Structures are given as C-alpha cells and as structure tokens.
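Asks: give me a model of this one.
(4 chains)
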Number of protein chains: 2
Amino acid sequence: MAPSTGTTTGGVTIGQAAAFAGVTVKTVRHYHQHGLLDEPPRDSSGYRRYGSADLLRLVQVRTLATAGVPLAEVRPLLDADTEQFTAGLVDVEQRLTERIADLIARRDTLRQLTEGDRLLLPDRALAILDRLTDLGFDPDYVASQREALVLARALAPELFDIFLTQLEHRLDDPGFVDLTKRGWDARSWDPDDHRIDDLASALADNLLANPEHLALPTDYQPRPDDVTRYGLINHHLEDHAPTWTRLNTLVEAKLRAAGVPIPHQ
Amino acid sequence: MAPSTGTTTGGVTIGQAAAFAGVTVKTVRHYHQHGLLDEPPRDSSGYRRYGSADLLRLVQVRTLATAGVPLAEVRPLLDADTEQFTAGLVDVEQRLTERIADLIARRDTLRQLTEGDRLLLPDRALAILDRLTDLGFDPDYVASQREALVLARALAPELFDIFLTQLEHRLDDPGFVDLTKRGWDARSWDPDDHRIDDLASALADNLLANPEHLALPTDYQPRPDDVTRYGLINHHLEDHAPTWTRLNTLVEAKLRAAGVPIPHQ
DNA sequence: TGTGAAGCCTGACCCGAGGTCAAGGTCAAC
DNA sequence: GTTGACCTTGACCTCGGGTCAGGCTTCACA
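Replies: Numbers count the residues shown, from 1 in each chain, chains lettered A, B, ... in the order given. Predicted structure coming up:
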C-alpha cells in the first residue's frame, strides 16, 4: 500500500528483514527476482533498506508460501479482492489434498513391499515360491522363478493371476513337479542330448493331459504384442541355461501341433 | 518354458520396454544416465536392445520409484541384501510420512486462512478488528491496525498475545477509545499544531492511569533487537500520517519519563 | 521401390523453491 | 588497520523427468 520506510533509521537490512520473517537472505532476494516483493530503496552503499510496509508484504508472502501456495500464485492472490482470495486458497488447498493422497498411496505401496517380506510380489506369488522351496526345488530355480513372476506381473498384469492359478495346479501334480525338476537338471546337458527330446515329449504330454495346467479365461482377448511379451517372460530363464532354449522350443512345437494357443507358461 | 522371439531377435527397443514398464522413453534414458539401469547392448544401427533381464531390472526400479524411493537410493537398495533392503524401505517410508505430515500441516494452515474469513490473523485478532469497526472507527484506521497486527505477529510472536490483551483492555475504556479517535483525526493536522501536545499528554496520562493498558508479563526478557522490532511495529502507521511521528514521539517520551519501559503499542 | 510416418539417437534447456559457492564491496568493533 | 560479519551480483546445483531440435533408421503402405 504505502511506500517504504519513512522512519528515522531508514529501514533495516536484508539480513534483519529475513531474520524477522524467519527466512534466509537468499529467499528474500528470490522473492524480489520473481516479482513477489518490490525492491526497497537502497542506501548510499547499495544495500537494500526495508521499511515496515516492505516487511508487512514479506510476512504476507511468507505466510502464503509456507501454507503451500506456489510462489507464482502469491502475487495475484495478494492483489485480489476477498472473494478471489478465498477462492484461490480453496483451489490451492484442493491441490495440496491431491498431493497428500498421492504420497499416502506411495507410502502404502512401500509398506506392502516391506511387509510382503521380500521383493515386489503379492502374497499369493510368495506362497508359491515358498512351496517350490518346500518341494525341494533348487534355490537357484526358485530365484529364477521369482524373477519370471516379477516380469510377468509387469508385462502381462491381466494374466498374472491366471499364471498363478496354472502354477498352483501344476504343483499339485507330482508328475509335473518331477518333470520340472528333471528339466532344471537338463540345463547343464549338451543341447544335442537326446534325453531332451524325451523330456520335452513327457512335458507336453503332461500339459495336454491336464487341461487346468494350461487353462485360460474363456473371454481372453489376444493383444498384438503378446508374442513379444510372453517370449520375454518364458525365455527369461534361458539366459541362465542355454539348453533350455531347445527344450522350450520342442515343448512349444508339440503344444502348437496339438492346437494349444499361446500363451502358456 | 515356451514361445520364441526373445533370444533370436536380441530384445525389444526402448519404446517397447518403456511401454511395458508403463513409463516414457525419456524416463528410461534418464535411468541409464543416472546409473540405475545398465546400458543394454546396441544393434547395428545404434538402437538399444532390451532383454528380459534388462526389463526385469527396469520393473524393479520402477516399482521402487513409484513407491516414493528417491532415485539416488534405488540402486543401493536393489544391490543390498534382504535385511538392508527392508531397513532401507522402512527409512524411506518414514521420510514419506514426514513429508505427508508437513503437507497436512500446510493444508491446515491454509484452511485456517480460508475459514478465518480474511488475511493472516487468528480469530482473537479478527474479533478485535471487528470491535474497532463496531466502535465507529474509520475503516482506514481498522485496515492500518490490521497491518500492524500482522507485522506484530511476525516480528514479536512472543508478545503478540500480550498486545492483544492490552488492546482488549484499552477498548474497554471509553476514555481511551475517544482519545484514539482524536489521535486518528490528528493525522491531518499540521505537525506543529499545539493540540498534538495536549493529546499526547492525555494519552500518556490515560495509559499511566490504567496499568493493564501497558501490562507486560513479569518474566519478560528483553532481546537486543527490541528497539528495532517495536519501532517497526509502532511506527507502521506513520507511513500514512506524518503527524503521527510527532504524536508517538511525545507519548513515548512521557512514558519513559514516568519509568515505563518500551515495548508498548 | 519409393515415400511418409513413426521411432530412435544425442544434446540442450525448462520447471519450483530456493541452496551453495565465488569474488568482491561495506561496516562496526577492537 | 585489521578482522569478521554482512552486503552485492552472478552462476551453477538440486529432482524427476518434459519438451524441443536436428538428424538417422525402420516399417507399412502404395
């Protein structure tokens, strides 16, 4: 409202003004640079001198800023009339509420990660991994399966629960469990080992004999990038076991020959 | 255990990888630049090619990042063992909680500003301003007092409630109210008008005759910058009324002569 | 087989709300 | 007259990416 100073001392320095308002000197200069605060008069050596009106303005700006009003909106708000002022505050408050809700959601996610004992998977998937360990699978195999599940959840969330159901059914079948263990042992075989063909046949027969091992929802709608996505998931283990590439290829060929659609795991 | 593409093609492009992970291409490159993700191999034309292991890592990074883990902490966290991983998550969660509490405090402040009908003052101060209006004070005087109170709250928060109590006592005294109104009228007088001396005497007498108009807490501890702070508050009105400088000076001199310490208002 | 669109590459600058030097001028006290 | 605190401007840093700009590469369609 009024011009600055007018008192006998000519006003206080920027350091005092900042201290009174509870901010740093840099912050006050920042407000000047961004037009929130008019520059006060300078004394003979170029120092800024703040009068009571300048301090009042600084306090007003500071009050709004600490309340969460973005700096860009402070000046329009202080220049506005009562009605616009209140409306502006309500608007800012709403945006703050949104940010709070977002942060709370993140925290909840974090808490789930922490409480879920270990990495990035829901309880149901963790139970399956525990069951693999209980069934006597190699810890390295369990670790690989964990990775494959993480990947599956991200790349094919719409099928993730289906995958889990398939896995549960398969682990209920001792025959399948046995074949899988043999498949794991096969990772160190020579890629031309003829036992791989036998194993692939046995695996394909098992899957075809147990429809719930491959069950998909009846309303499943394929997506154009399915091949890429399932390829990445299914072949993740192959990075650790080159022979698996051949085993996988053989099993797939047999399944396709029997008319089973991709995807499966 | 199934279809093919992954190993034979050498992986997916950055755009596909980003789409699978639900982020933008720029975000993936950002993660490379900051060492969160190793650079995958390039194809013959220099394009990045992401394999399943790269995608797995991207998904892990993304999960932590969306949960609110600062990017700088993602890599150490993913490289840590289970124990450190959990400890790290708990730490991040705690910091998130602090930020949430801070934002909620800001929102509460905002809400008080909105509900408090008008600018930057607690209810008790607003009641006093309303009372000034009811007592017939000039709206300009009320506005000036509002500014002085805002300034006082910021510059002397430890005395703000005391100031309000003094004001309440003074407004209970019709004699003081009358003198104050005359003082307001005096703002347009000539600074040498002899009535100013009379008014100053009457004001000082009134204050001295009513100790509660000047009451300070018995345990009040002066601070070295008191003179500056009270000077700014007391003289704020003088910007609008030069004659007030003289009136204030006279009243202060009389009070000091009577042994009353600054501060007062 | 050409062509246009879409995707990829790097590099540079932008946001908010200040923090942190750097290099120098000024002031008050000893 | 020197020391140390305070003031000046200016430039670069944060964090999590967004948004061009300019130049290649690849893909789908005619």
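
Asks: use CA for all of it now, contacts and neighbours both
Replies: Noted.

Asks: now for the longest helix belonging to chain A, which elements pack on it?
Replies: Using DSSP state H to assign secondary structure, the helix with the most residues in chain A is helix A:82-115. Judged by 3 or more C-alpha pairs under 8 Å, 6 or more residues apart in numbering or on different chains; DSSP states H and E, the packing partners of helix A:82-115 are helix A:71-79, helix B:82-115.

Asks: mind checking how far that helix is from the chain centre?
Replies: Taking C-alpha atoms, centre = their mean, to the nearest Å, one finds helix A:82-115 lying 18 Å from the centre of the chain it belongs to.

Asks: what's the angle between it and helix B:82-115?
Replies: Orientation note: helix A:82-115 sits at an angle of 160 degrees relative to helix B:82-115 (axes from the mean of the first three to the mean of the last three C-alpha atoms, to 10 degrees).

Asks: quick check: next helix or strand after the helix or strand bottoming out on mean pLDDT in chain A?
Replies: Every helix and strand of chain A was ranked by mean pLDDT, DSSP states H and E. The lowest is helix A:226-234, at a mean of 81. Per DSSP states H and E, the first helix or strand lying C-terminal to helix A:226-234 is helix A:243-257.

Asks: tell me the helices and strands packed up against that following helix.
Replies: helix A:195-209.

Asks: run through who's touching the helix it packs on.
Replies: Helix A:195-209 is contacted from outside by A:175-176, A:179, A:182-183, A:186, A:213-214, A:246-248, A:250-252, A:254-255, using C-alpha atoms under 8 Å, 6 or more residues apart in numbering or on different chains.

Asks: farthest-separated two in the residues you listed?
Replies: A:186 and A:214 (22.6 Å; C-alpha to C-alpha).

Asks: okay, stretch A:42-51 in CSV with CA atoms only?
Replies: Taking C-alpha atoms only, stretch A:42-51 is exported to CSV below (Å, rounded to 0.1, in the frame of the first residue of the first chain):
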residue,chain,number,x,y,z
ARG,A,42,18.9,1.3,-1.5
ASP,A,43,21.2,3.2,0.9
SER,A,44,24.3,5.1,-0.2
SER,A,45,26.3,1.9,-0.4
GLY,A,46,23.8,0.0,-2.4
TYR,A,47,22.3,-2.0,0.5
ARG,A,48,18.6,-2.7,0.4
ARG,A,49,16.7,-0.9,3.2
TYR,A,50,13.4,-2.4,4.3
GLY,A,51,10.6,-0.4,5.9
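
Asks: do that stretch and DNA strand D meet?
Replies: Yes: judged by C-alpha under 7 Å from any atom of the strand, stretch A:42-51 comes into contact with DNA strand D at A:46, A:47, A:48.

Asks: quick check: the last one touching residue A:38?
Replies: It stands for residue A:48. No: Residue A:48 lies out of contact with residue A:38 (C-alpha atoms under 8 Å); the separation is 11.0 Å.

Asks: the more surrounded of the two?
Replies: Using other C-alpha atoms under 10 Å in any protein chain shown, the more surrounded residue of residue A:48 and residue A:38 is residue A:48, with 17 against 14.

Asks: low-confidence ranges in chain A?
Replies: Scanning chain A for pLDDT under 70 picks out the ranges A:1-9, A:116-119, A:261-265.

Asks: how about the residues of it that lie near DNA strand D?
Replies: A:13, A:14, A:15, A:16, A:25, A:29, A:46, A:47, A:48.

Asks: return the member of those residues nearest to residue A:107.
Replies: residue A:25 (34.7 Å).

Asks: contacts only, for that closest one.
Replies: Going by C-alpha under 8 Å, 6+ apart, residue A:25 touches A:14, A:15, A:18.

Asks: got TSV for those residues, with secondary structure too?
Replies: Listed next are the contacts of residue A:25 as TSV, based on DSSP: H, G, I helix; E, B strand; the rest coil:
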residue	secondary structure
A:14	helix
A:15	helix
A:18	helix
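
Asks: take those residues and write them to JSON lines, including distance to residue B:151 and neighbour count.
Replies: Formatted as JSON lines, the contacts of residue A:25 follow (distance: C-alpha to C-alpha, whole Å; neighbours: other C-alpha atoms under 10 Å in any protein chain shown):
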{"residue": "A:14", "distance to residue B:151": "16", "neighbour count": "19"}
{"residue": "A:15", "distance to residue B:151": "17", "neighbour count": "15"}
{"residue": "A:18", "distance to residue B:151": "13", "neighbour count": "20"}
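
Asks: mind listing what's buried in stretch A:209-220?
Replies: Across stretch A:209-220, burial judged by 16 or more other C-alpha atoms under 10 Å in any protein chain shown covers A:213, A:214, A:216.

Asks: count the residues that sit near the residue nearest to the last one when sequence neighbours are not counted.
Replies: On the basis of C-alpha to C-alpha, 6 or more residues apart in numbering or on different chains, the spatially nearest residue to residue A:216 that is not a chain neighbour turns out to be residue A:162, at 6.9 Å. Residue A:162 sits with 16 neighbouring residues when counted by other C-alpha under 10 Å.

Asks: from DNA strand C, how far off is residue A:162?
Replies: 29 Å (C-alpha to the nearest atom of the strand, to the nearest Å).

Asks: just checking, that residue touches residue A:213?
Replies: No: contact criterion C-alpha under 8 Å: residue A:162 and residue A:213 do not qualify, at 10.2 Å.

Asks: run the chain-centre distance for stretch A:32-40.
Replies: Distance of stretch A:32-40 from the chain centroid (C-alpha atoms, centre = their mean) equals 40 Å.

Asks: show the end-to-end separation of it, please.
Replies: 9 Å (C-alpha to C-alpha, to the nearest Å).

Asks: is that stretch positioned near chain B?
Replies: No: for stretch A:32-40, no contact with chain B is found by C-alpha under 8 Å from any C-alpha of the partner chain; the gap never falls below 14.5 Å.
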